[in-house]
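> Fold the following, please.
(2 chains)
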Amino acid sequence: MSDPAAAVEPGVDVHVHAGIGDPNAHHHSPEQIRREMKVYLAVFAGLAVLTAVTVGAFFALKTFPVRIAIMVALIIASIKGFLVAAFFMHLLSEKKVIYGVLILTVIFFIFLMTLPVSHHANPFGS
Amino acid sequence: MDAHAHASVGHAELEIPYNVHPRPDTGLYNGKLGIWLFLASEVMLFGALFSSLILLRTGAEAWPRGYEFLNVKLATFNTFVLILSSVTVVMAWSHLRLGDLKKGRIYISATVLCALIFLTAKGFEYSHEFQEGRFPKTNNFLAIYFTMTGLHGLHILGGVIVFLYFLGPGAKMWAKEPERYTNRIEIAGLYWHFVDLVWIFLFPILYLM
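Residues are numbered from 1 along each chain as shown, chains lettered A, B, ... in the order given. All right, here's what the predicted structure looks like:
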């Protein structure tokens, strides 16, 4: 079996980020993997707390205008989404090609989300 | 050249490259790039439904509030279960990287269990809605609710099938190619986290708003 490190060109970024090692590096030390596991458990605790906060905040804000409740719920959901993507999906330390794919996806996703707006803004629409 | 040598040459010719080690140009093994491209298409699939939901909601004179009749407690419980299943997948992957197949399988089994609990709870929710006479045809809210949660449920079911395969016949790979097996769990996990991510947004949008 060849050395995996040798298969990566010198220019390809392999680095360690915020306690989560490069997920594409095959030879992490057991200590590093155990450290990562502690980070995963901390993220899980954070997600559980944020889920409780989402429900609590919503019922606390029930008397407020819907727009505010929607905004608060979406902000908390976005924080939770960031935690899952950044730590569980290792997007904090991924390869450039994945970031490229995701940037393209985000552009098309934003376009999809603006379609309803353009529909309502269309003065010729039914 | 003897028969064994011929077989070896034949095997080498059939071997799919970059299954385990990263390609020099992408820095990734091929399966990982493949799953991210698949997830990009999934973002567009669910994105189209979220866009439809916005269109229906902003175009409606009155829109039902999910929390008034949907089971928020059960959905909150399901959110916890799905988050728990996400952490069990990364723990399985971590234990496999440590060379511990036994613990890896325990965590994969825990993920499957969480998924089955989620689907069972969803089944109870659906049956309650049907008993109350709430069907997809009832109104636009219920149409989009059943479409989005139903599609999400199918993704959960797909994940269960994949993880059961890796617990059963797929686990044979560990004996000969442990790194490849570990990579497979990693990419199945990436899919699973995406399914979790979708639910993180579905839950407040459908149940709380």
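> For B:His155, give its distance to chain A.
According to Cβ to the nearest Cβ, to the nearest Å, B:His155 and chain A sit 15 Å apart. Every residue, glycine included, has its C-beta placed from N, CA and C.
> residue boundaries of the helices in chain A?
Applying DSSP state H to chain A gives helices spanning A:30-60, A:66-83, A:96-121.
> can you redo those as TSV with mean neighbour count and distance to chain B?
Putting those into TSV (neighbours: other Cβ atoms under 10 Å in any protein chain shown; distance: least, Cβ to the nearest Cβ, whole Å) gives the following:
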stretch	mean neighbour count	distance to chain B
helix A:30-60	16	4
helix A:66-83	16	4
helix A:96-121	14	4
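> Please render those as CSV that adds mean pLDDT to the earlier fields.
Output for those, formatted as CSV (pLDDT from 0 to 100):
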stretch, mean pLDDT
helix A:30-60, 93
helix A:66-83, 90
helix A:96-121, 90
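> So which of those helices is nearest B:Tyr126?
Among the helices of chain A, the nearest to B:Tyr126 by Cβ to Cβ is helix A:30-60 (21.1 Å).
> so what does that closest one touch, helix or strand wise?
On a contact count with 3 or more Cβ pairs under 8 Å, 6 or more residues apart in numbering or on different chains; DSSP states H and E, helix A:30-60 meets helix A:66-83, helix B:72-97.
> what helices or strands is the shortest one leaning on?
Contact here means 3+ Cβ pairs under 8 Å, 6+ apart; on that basis helix A:66-83 packs against helix A:30-60, helix B:178-202.
> And the longest one, by the same measure?
Based on contacts counted as 3+ Cβ pairs under 8 Å, 6+ apart, the elements that helix B:72-97 packs against are helix A:30-60, helix B:101-131, helix B:178-202.
> Just put the ones you listed in CSV and tack on distance to A:Gly81.
Output for the helices and strands packed on helix B:72-97, formatted as CSV (distance: least, Cβ to Cβ, whole Å):
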stretch, distance to A:Gly81
helix A:30-60, 10
helix B:101-131, 18
helix B:178-202, 5
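> can you tell which of the ones you listed is closest to B:Phe38?
Of all the helices and strands packed on helix B:72-97, helix B:178-202 sits nearest to B:Phe38, with 7.6 Å by Cβ to Cβ.
> got a list of what the most centrally placed residue in chain A touches?
Geometric centre of chain A, nearest residue: A:Ala85, 2.7 Å, by Cα atoms, centre = their mean. A:Ala85 is in contact with A:91, B:193, B:197, counting by Cβ atoms under 8 Å, 6 or more residues apart in numbering or on different chains.
> which intervals of chain B have sub-threshold pLDDT?
Low-confidence segments of chain B, defined by pLDDT under 70: B:1-13.
> Next, work out how far apart A:Thr54 and B:Gly133 are.
A:Thr54 sits 29 Å away from B:Gly133, going by Cβ to Cβ, to the nearest Å.
> And B:Gly59, by the same measure?
Distance, B:Gly59 to B:Gly133, by Cβ to Cβ: 25 Å.
> Quick one, which of the helices of chain A gets closest to B:Phe46.
helix A:96-121 (9.3 Å).
> Which other helices and strands does that closest one contact?
Applying 3+ Cβ pairs under 8 Å, 6+ apart, one finds that helix A:96-121 contacts helix B:30-59.
> The helix it packs on vs chain A: in contact?
Yes: counting by Cβ under 8 Å from any Cβ of the partner chain, chain A has neighbours in helix B:30-59: B:32-33, B:36-37, B:40, B:43-44, B:47-48, B:50-51, B:54-55, B:58-59.
> That'll do, ta.
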